[in-house]
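> with the sequence up front, the predicted model follows.
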Amino acid sequence: MPIIELRKITKVYPGGIIANRNVDFDVKEGEIHALLGENGAGKTTLMKIMSGGLKPTSGEIYVNGERVSFGSPADALKYGIGMVHQHFALIPSMTVLENLRLGLLDRKLSKDQLIVEVGELSKRLGFDLRLDVPVDALSAGERQRIEIIRLLLRKVRVLIFDEPTSLLCGPEIDRFFQALKQLKSEGHGIVFITHKIREALEVSDRITVMREGRVIAKLKRSEVMDEEQLVELMIGERIVPLPDRPRTPSDKPILIVKDLVVSDDLGVEKVKGVSFDLRAGEVLGIAGVEGNGQRELAEAIAGLRSPKSGEVVFIGENSGFRPSYVPADRVELGVAMSLSVMVNSIIRSIDENSKGRIKVLDFAKIGEFAQKVVSFLGVKAPSLGAPVKYLSGGNIQKLIVGREILKSTKVLIAEQPTAGLDARSAEMVRNALSELASKGVGIILISSDLDEILKLSDRIAVISGGRIVKIFERAEFDPKLIGMHMLAAGGYMA
Amino acid sequence: MSIERQVNLVRALLALSSIGLAFIFCTMLITLSGKNPGEALFWLFYGGFSPALIPETFVRATPLLLVSLGLSVAFSAKIWNIGAEGQLYIGGIVAATLALYISGVPSPIALLVLIVVSGIAGALWALIPAILRAIYGINEVITTLIFNYIAIYFVSYLLNGPLRDPVSLFPETTTIPDNMWLPTVVPGTRLHFGVVLAFLIMTPIMWFLLKRTALGLKLEILGSGEKTAKYAGIESVRMIIIAMLVSGFMAGMAGGVEVLGIQHKMRLEISPPTSPYGYTGIAVALLGYLNPLLIAATSFFLGGIMNGSTTMHRMVGVPVGMAGIIQALIILFILLGYFLEEKLIHRIIGGLRKVEH
């Protein structure tokens, strides 16, 4: 018998949007159950219903065969169902121990008992939690471990993870998967919401695929033949693969970076003397483990961070030239959250969109451009006038990418342009980048997704420890070799 | 119904119900003080909004409107200029003093100069906090507040000392010659040119500046985050200084207009002690959603309440302090409405958003 079972769940949001249609779902003891689907497929909604965060419009929930209804996440916790959300629910200024004590609800534990119990749990799962550090000093992976411990302290039997790997870097993902396997062997039921097929295949025992609010398939791991099969189930149609375009970048550089040294906000040198050039019509991939100076490099080239020394020269442009830039930090940097979709689509070209000496905004022109941006990658927005804060993360990303691509430019820096996007949108972004390059724009592509870099780039520069350790020409592309360079020379710092 | 429509509907309903709630509380307070609430509220509204007294409400609302229009510019960029009161005093004293010196100049030119100079004086008073904030990142709330005390005590010194009218019993300047008074627009009322300036000239100008120009948009982007502003290529140092100077200018002008149009001299009570223009203007700007058109309406409403509460005090004997409490209650409830608004709007739109995940 499953620990928890959802029967015929339907969820209609106010406004009439149907997020779940007649969905059946269950979690058994000692299994990892992957819930796979694109952005907006209804995965998170379903799991919020299962963990008490949302009430279903209709349908039934059974725990151990007994019909229940959850009024709040605390109710679900009483039945042993807990969820780790995409954005962690920890108080950053408080220490790890204080955060753990907060989550105990009605379990009475003294501080010493708590430390002992946390110690035991950590040992079993292979965690090394520092208890007296404030949470804001911790990495995403460490925060996630705190959330897991917190749920286990509440004696949950089912743990739900919403896109748990989206904030983690390579080695942290492995550690997370090991912890999942340990939890499974202890008899916990685990739900793993993801849109990454490879990860679903790597750890899960069962895979449920959702699309447009419905369950499309329920498969045992052994029934899955290949990734293609799951891609088809997820998106319902075949992705058009990138054409094998023999791009012909010109020999003329349009950007020269020379001996660039850049520090981060704390004054730590992150880029330690980087030189390269970018040619018109080429995609230069920058491959590296996150945190090896990519962000500081991108910000320096984009003109957002003044370098300590060295030069960034855009050939044939005056000194005030600013390239198009898709920042990795979409919410803090890329958009003004309280302003409209329309305004955000011209946020980096306000003067170009105003007329006369007193610079009156040309709303006709702005509206037209905003419409183009929205339809380019299919941004789902209530209206052009709606504040961006009402858009989901993936749609904000599409807005930023679309805006930067459509703005006429000669150089584009794209940092993690497909992060958080579903397979179809990601492919659309890649196609758009490729097309932009064939029109003669020089693109610097910074991504932690090596496949993406391999697919799109004409050359790949490997950055490690703040230095470019090697530049590969397309003919020399070899994932293994590139991976080795990424990790070489003390490159791994994150 | 479009999202914007729904949002505006929620706003309107909340605004009405919070004003309603405020009056219910006022009724209770007045009853507790042993007065007849029906009678009191009648005089409150009569004093503020009866046709014969509406010109006076406009007169009262004028300095409030000028101050809050200026503040809306700074607040759009999340630059919290709390110093309008001091800037208003500086504008007032400069106008009153200068008017005595240039009384030989033809009236229209002199008045124009006086209004502009009082604005510039207010802007200069805001300049030091502006530079401290823009370049050194020093919190403008503290500096502008401190500058209020400096301004008010400095003006108080001048009014008790060098600039005091030798024959007056009060600390105030000599009355300025009547060719330096702002002309009355409607005979038989105190509606002076400053009212026209505030409601018909500055309100549309400020609306246009904030809602239709690149400058207004840049201020709003700066307000939504300095990082984003930097990414958008906005020079925040320049924007912060502009925002502070504009708001200082408007507050200084409010002081000048009040001196030239109503008081005809600079006095220590140029700003009513129960609801000082410089501070009440903060509430007005926020209550008006930093939108100059709504701010004009809010100024008129609060101006009416200010006048009406004096009438209520005179006619029913509700203590003056109670009038202050009632004004504060109205502001408080409207702010509470704001708080609820965010939540309600999130509910409306939450559905649209969650389904994306």
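Cool, got the structure.
> quick one: residue A:160 is in a strand?
Yes. Assessed with DSSP: H, G, I helix; E, B strand; the rest coil, residue A:160 lies in a strand.
> in what helix or strand does whichever residue of the stretch 51-200 of chain B sits closest to chain A lie?
Distances between the stretch 51-200 of chain B and chain A by Cβ to the nearest Cβ are smallest at residue B:78, namely 10.2 Å. C-beta: built from backbone N, CA, C; applies to glycine. Using DSSP states H and E, residue B:78 sits within no helix or strand.
> residue 336: neighbour count?
As the question left the chain open, I've gone with chain A. The local packing of residue A:336 (other Cβ atoms under 10 Å in any protein chain shown) involves 23 other residues.
> please go with chain B instead
Using other Cβ under 10 Å: residue B:336 sits among 14 other residues.
> how about it, nearest residue that isn't a chain neighbour?
Spatial nearest neighbour of residue B:336, excluding adjacent residues (Cβ to Cβ, 6 or more residues apart in numbering or on different chains): residue B:18 at 6.3 Å.
> let's verify the one you found: helix, strand, or coil?
With three-state DSSP as the basis, the three-state label of residue B:18 is helix.
> just to revisit the earlier point, what's the separation between the residue of the stretch 51-200 of chain B closest to chain A and residue A:310?
Separation of residue B:78 from residue A:310 (Cβ to Cβ, to the nearest Å) stands at 34 Å.
> what does residue B:29 give?
As judged by Cβ to Cβ, residue B:29 and residue A:310 stand 68 Å apart.
> touching, the residue nearest to residue B:336 and residue B:331? I think so.
No. Using Cβ atoms under 8 Å as the test, residue B:18 is too far from residue B:331 to be in contact (9.7 Å).
> tell me the pLDDT of the residue nearest to residue B:336.
Looking at residue B:18, its pLDDT is 79.
> any regions of chain B where pLDDT drops low?
In the prediction, chain B carries residues with pLDDT under 70 at positions B:1-4, B:320, B:322-323, B:346, B:348-357.
> show me where it has its helices.
Along chain B, the stretches classed as helices by DSSP state H are B:3-32, B:37-49, B:54-76, B:84-101, B:107-136, B:140-160, B:193-196, B:203-212, B:214-224, B:226-231, B:236-258, B:277-287, B:292-316, B:320-354.
> distance to residue A:381 for the ones you listed - can I get that in TSV?
What follows is these, written out as TSV (distance: least, Cβ to Cβ, whole Å):
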stretch	distance to residue A:381
helix B:3-32	9
helix B:37-49	42
helix B:54-76	23
helix B:84-101	37
helix B:107-136	34
helix B:140-160	34
helix B:193-196	42
helix B:203-212	21
helix B:214-224	17
helix B:226-231	18
helix B:236-258	27
helix B:277-287	28
helix B:292-316	25
helix B:320-354	9
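> out of those, nearest to residue A:125?
With Cβ to Cβ as the criterion, residue A:125 lies closest to helix B:320-354 of the helices of chain B, at 30.9 Å.
> burial of residue A:169, as a residue count?
Residues lying near residue A:169 (other Cβ under 10 Å) number 16.
> shouldn't it be in contact with residue A:290?
Yes. Using Cβ under 8 Å, residue A:169 is in contact with residue A:290, at 4.9 Å.
> for residue A:181, what are its contacts?
Contact analysis of residue A:181 by Cβ atoms under 8 Å, 6 or more residues apart in numbering or on different chains lists A:32, A:203.
> my read is it is in a helix, agree?
Yes. Counting by three-state DSSP, residue A:181 is found in a helix.
> how near is it to residue B:116?
75 Å.
> and for the closest residue to residue A:308 other than its chain neighbours, the neighbour number?
Using Cβ to Cβ, 6+ apart and skipping residues adjacent in sequence, the residue nearest residue A:308 is residue A:261, 4.5 Å away. Applying other Cβ under 10 Å, we find 17 residues neighbouring residue A:261.
> host element of residue A:261?
Assigned by DSSP H and E, residue A:261 belongs to strand A:253-263.
> sheet partners, orientation included, of the next helix or strand after that strand?
Scanning forward in sequence from strand A:253-263 by DSSP H and E, the next helix or strand is strand A:269-279. Strand A:269-279 pairs in its sheet with strand A:253-263 (antiparallel), by DSSP bridges.
> avg pLDDT for the strand it pairs with?
For strand A:253-263, the mean per-residue pLDDT is 94.
> run the chain-centre distance for it.
Strand A:253-263 sits 28 Å away from the centroid of its parent chain (Cα atoms, centre = their mean, to the nearest Å).
> same check on stretch B:142-152?
Averaging C-alpha positions (Cα atoms, centre = their mean) puts stretch B:142-152 17 Å from its chain's average.
> equivalent analysis for stretch B:127-135, please.
In terms of Cα atoms, centre = their mean, the centre of stretch B:127-135 is found 22 Å from the chain centre.
> can you tell me how far the most far-flung residue of chain A relative to its centre sits from residue B:35?
Among residues of chain A, the one most distant from the C-alpha centroid is residue A:357; the distance is 42.2 Å, by Cα atoms, centre = their mean. To residue B:35, residue A:357 is 58 Å away according to Cβ to Cβ.
> ok, the residue nearest to residue B:336 - contacts?
When contacts are counted by Cβ under 8 Å, 6+ apart, residue B:18 touches B:333, B:334, B:336, B:337.
> now, which of those residues sits nearest chain A?
Using Cβ to the nearest Cβ, the contacts of residue B:18 come closest to chain A at residue B:337, 18.3 Å.
> contacting residues for the closest one?
B:14, B:15, B:17, B:18.
> cool, thanks, talk later.
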